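Enquirer: Quick one, what's the 3D model for this:
(one chain, ligands or ions: 2)
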Amino acid sequence: MIATIEPSVLAGEIYAPASKSSMQRACAAALAAGGVTIIRNPGESNDDKAALGVISALGAEVKKSAGSLEVQSSGVHAREQAVHCGESGLGIRMFTPLVALNDREITITGEGSLVTRPMDFFDSVLPQLGVEVHSNNGKLPLKVKGPLQPRNITIDGSLSSQFLTGILFAYSASGASDVEVQVTDLKSKPYVDLTLAVMQAFGMNVPENRNYESFYFKKQAASVEPVKRTYTVEGDWSGGAFLLVAGAIAGNVTIKGLDVFSTQADKAVLQALMSCGAGISIEAEQIILRPMPLKAFHFNATDCPDLFPPLVALAAYCEGTTVIEGVGRLAHKESDRALTLQEEFGKMGVSIELQGDLMIIHGGNQVNGAAVSSRHDHRIAMATAVAGLKATGTTTISDADAINKSYPVFFDHIRQLGAKVKYA
Ligand SMILES: O=C(O)C1=C[C@@H](OP(=O)(O)O)[C@@H](O)[C@H](O)C1
Ligand SMILES: C=C(OP(=O)(O)O)C(=O)O
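Expert: Residues are numbered from 1 along each chain as shown. Ligands and ions are numbered 1, 2, ... in the order given. Modelled structure (predicted):
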């Protein structure tokens with residue numbers, strides 16, 4: 001799909017989409033905790049659909065009705081020999097340890113950029129937990145044969161928090177008792193808070209977080225009886241960040257459905273918006289943005305790496321030199337995002353330097369509409385679209401359907417806000 005964006009003035013209100021981080025965790029928890037779960041506000045992104053496919057393959061019954069899903073589960077009991085994680089990094093890293101609770105060999109596959117993303121973690125960690133693993137030199141497909149046994153272990157958290165999320169789910173689901181997961185150099189810490197919050201909401205055995213260096217499952221007797229529960233998927237601060245930035249540069253917009261008390265990492269976009277002098281009012285039920293002259297800002301995105309793309313779009317319109325820390329976190333996303341941002345924004349006349357862990361964006365100059373490519377990275381498609389709203393001339397984005405990974409209605413939403421956007 002090619003999307004075409006013309007300079008636009010935005011006005012109106014919109015609900016943020018469902019968070020794929022919250023939705024995929026809810027799927028894992030509904031499977032692992034057992035019982036009956038009603039999931040309200042379910043996400044419909046490709047990553048969310050993949051998660052539903054995985055939990056069905058692992059034994060859950062999923063029934064859809066308007067505005068909600070019902071998931072019935074008696075724990076992890078695979079009924080397929082293969083599970084497919086689509087293109088979801090969280091999906092494969094969270095579900096692989098859960099797949100490994102089974103005592104027969106199961107193949108785990110993925111597609112698109114996921115086949116080139118690193119999974120070596122499993123080669124080194126799962127055998128320590130009694131799991132046989134075969135990977136394709138640290139990449140997909142994986143074959144695992146459990147059952148995983150929770151043991152005291154130390155893992156490396158520097159590449160991604162997603163592996164820890166998977167280990168914690170699997171330990172909890174397999175009755176871990178008096179066992180500790182130690183983690184070194186953990187990055188993206190708030191995502192682990194979200195994992196623990198979802199486990200808590202599902203009545204799972206939640207480990208004690210000892211300063212993000214150790215997660216201790218205390219001694220426990222029997223597991224809790226499966227119950228009936230309702231979980232509402234949170235609005236998405238990651239997708240919402242694009243709407244907030246669009247409002248800050250191109251119009252008066254009201255965004256609803258974002259919980260300011262969420263543990264989502266990307267809620268930190270509010271700090272960046274405040275530091276650049278955006279016209280922002282944060283109210284109980286909504287956030288209102290209006291365009292104001294913007295100034296360069298300094299932001300550390302080490303623990304919220306998905307904010308780089310919307311913040312680059314914001315920085316392009318901020319007078320002066322913006323510095324964003326955490327570039328090292330971007331190499332293994334859907335694309336090598338630091339380079340992709342540099343090259344695609346470069347086509348729009350936005351100069352970006354990469355200096356070690358720092359991204360330096362020279363803002364406040366004319367931003368030109370241009371022919372750019374998402375490189376099949378959903379956040380690049382959305383960032384260039386937002387930048388195009390205030391650019392001079394037309395922006396065309398090829399491979400724009402990459403948005404389906406996290407926010408399939410993104411272009412519809414900005415159109416509802418008044419963006420001049422065409423896609424076919
Ligand atoms: O747990 C999650 O929901 C996610 C964690 C982050 O990954 P890392 O932990 O690899 O930074 C983030 O980039 C990803 O989009 C979603
Ligand atoms: C990197 C992302 O997701 P994941 O790692 O789950 O594929 C993302 O959504 O930007």
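
Enquirer: Run through the helices of the protein in chain order.
Expert: For the chain, applying DSSP state H gives helices covering 20-33, 46-57, 89-99, 120-125, 162-173, 189-201, 237-250, 269-275, 308-316, 337-347, 378-388, 410-416.

Enquirer: near ligand 1 at all, the first one?
Expert: Yes - remark: helix 20-33 sits within contact range of ligand 1 at residue 21, by C-beta under 6 Å from any ligand atom. Every residue, glycine included, has its C-beta placed from N, CA and C.

Enquirer: who does that helix touch, helix- and strand-wise?
Expert: For helix 20-33, the packing partners by 3 or more C-beta pairs under 8 Å, 6 or more residues apart in numbering; DSSP states H and E come out as strand 35-40, helix 46-57, strand 68-73, helix 89-99, helix 162-173, helix 189-201, strand 228-232.

Enquirer: Turn the ones you listed into TSV, columns for distance to residue 323 and mean pLDDT.
Expert: Below are those laid out as TSV (distance: least, C-beta to C-beta, whole Å; pLDDT from 0 to 100):
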stretch	distance to residue 323	mean pLDDT
strand 35-40	40	98
helix 46-57	31	98
strand 68-73	42	98
helix 89-99	26	98
helix 162-173	27	98
helix 189-201	21	98
strand 228-232	37	97
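
Enquirer: Tell me the residues on the protein that lie near ligand 2, please.
Expert: So the chain meets ligand 2 at 88-90, 306, 333-334, 379, 406 (C-beta under 6 Å from any ligand atom).

Enquirer: now, which of the residues you listed lie close to ligand 1?
Expert: Within the residues of the chain next to ligand 2, those near ligand 1 by C-beta under 6 Å from any ligand atom are 90, 306.

Enquirer: Going by distance to residue 79, which of the residues of the chain next to ligand 2 wins?
Expert: For the residues of the chain next to ligand 2, the residue nearest residue 79 by C-beta to C-beta is residue 88; the value is 20.7 Å.

Enquirer: my guess is that closest one meets residue 52, correct?
Expert: No - checked against C-beta atoms under 8 Å, the pair residue 88 and residue 52 is beyond contact range at 11.4 Å.

Enquirer: Compare the two and say which one has the larger neighbour count.
Expert: residue 88 (27 against 22; other C-beta atoms under 10 Å).

Enquirer: State the distance from the closest residue to that one other than its chain neighbours to residue 292.
Expert: Spatially, and ignoring its direct neighbours in sequence, residue 88 is nearest to residue 47 (4.0 Å; C-beta to C-beta, 6 or more residues apart in numbering). Counting by C-beta to C-beta, to the nearest Å, the gap from residue 47 to residue 292 is 34 Å.

Enquirer: Tell me the span between the first and last residue of stretch 274-290.
Expert: One end of stretch 274-290 sits 12 Å from the other (C-alpha to C-alpha, to the nearest Å).

Enquirer: what's in contact with it?
Expert: With contact meaning C-beta atoms under 8 Å, 6 or more residues apart in numbering, stretch 274-290 is reached by 13, 244, 246-248, 251-256, 258, 260, 270, 273, 291-299, 314-315, 318, 322.
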